[in-house]
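Peer 1: predicted model, plus sequence, below.
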Amino acid sequence: MRSVAFLIVLIGIAVILEKVINKFLGVKRKSISETSGKIVDRWRRGAIVVIFICSLPFVIAKNYTSIKWFWILYLILLLGSESYMEWKYIKNSKQYISTLIFLILGLIFIYYLEYLLPIWK
């Protein structure tokens, strides 16, 4: 029950933080699917999801450290490529900086999750 409450609070903080960062950077969110990169973005997302779903059974049987690094790698690939696509296809916008900030915050959070919630160890 505590972990559900923690997750809800975390999502709320992320939403508020995204709005603050976007306002600070002057970013008006725009989707890559509204640009010429629509097809590339769909293939990119699909490939990342298929690769990670196929590799998930091999990681689940391992220890906590393997699972942690699995999610760190997934976040790097997903948000890193998202940031690159935003930089390439959404011109005159700093939206990619917002995505990079969330990538860094996400990596820090996942890396230190075992210290925040010791029961998941």
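Peer 2: Okay, I see it.
Peer 1: what are the ranges of the helices in this structure?
Peer 2: Ranges of helices in the chain, per DSSP state H, are 2-25, 38-60, 64-89, 95-111, 113-116.
Peer 1: which of the residues in the fourth one are buried?
Peer 2: Within helix 95-111, the residues that count as buried by 16 or more other CB atoms under 10 Å are Q95, Y96, I97, S98, T99, L100, I101, F102, L103, G106, I110. Every residue, glycine included, has its C-beta placed from N, CA and C.
Peer 1: and for the second one?
Peer 2: Of the residues in helix 38-60, those with enough neighbours to count as buried (16+ other CB under 10 Å) are D41, R44, F52, V59.
Peer 1: would CSV of these with distance to S31 and pLDDT be doable?
Peer 2: Formatted as CSV, these follow (distance: CB to CB, whole Å; pLDDT from 0 to 100):
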residue, distance to S31, pLDDT
D41, 9, 92
R44, 14, 94
F52, 22, 91
V59, 30, 86
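Peer 1: just these now: which is nearest Y84?
Peer 2: In terms of CB to CB, no member of those lies closer to Y84 than R44, at 9.2 Å.
Peer 1: turn the helices of the chain into JSON lines, including distance to I32.
Peer 2: Formatted as JSON lines, those follow (distance: least, CB to CB, whole Å):
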{"stretch": "helix 2-25", "distance to I32": "16"}
{"stretch": "helix 38-60", "distance to I32": "4"}
{"stretch": "helix 64-89", "distance to I32": "5"}
{"stretch": "helix 95-111", "distance to I32": "10"}
{"stretch": "helix 113-116", "distance to I32": "29"}
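Peer 1: comparing these by mean pLDDT, which bottoms out?
Peer 2: Mean pLDDT is lowest for helix 113-116 among those, at a mean of 78.
Peer 1: which strands and helices sit next to that helix?
Peer 2: helix 64-89 (3 or more CB pairs under 8 Å, 6 or more residues apart in numbering; DSSP states H and E).
Peer 1: so what's the gap between the helix it packs on and the chain middle?
Peer 2: Distance, stretch centre to chain centre, for helix 64-89: 6 Å (CA atoms, centre = their mean, to the nearest Å).
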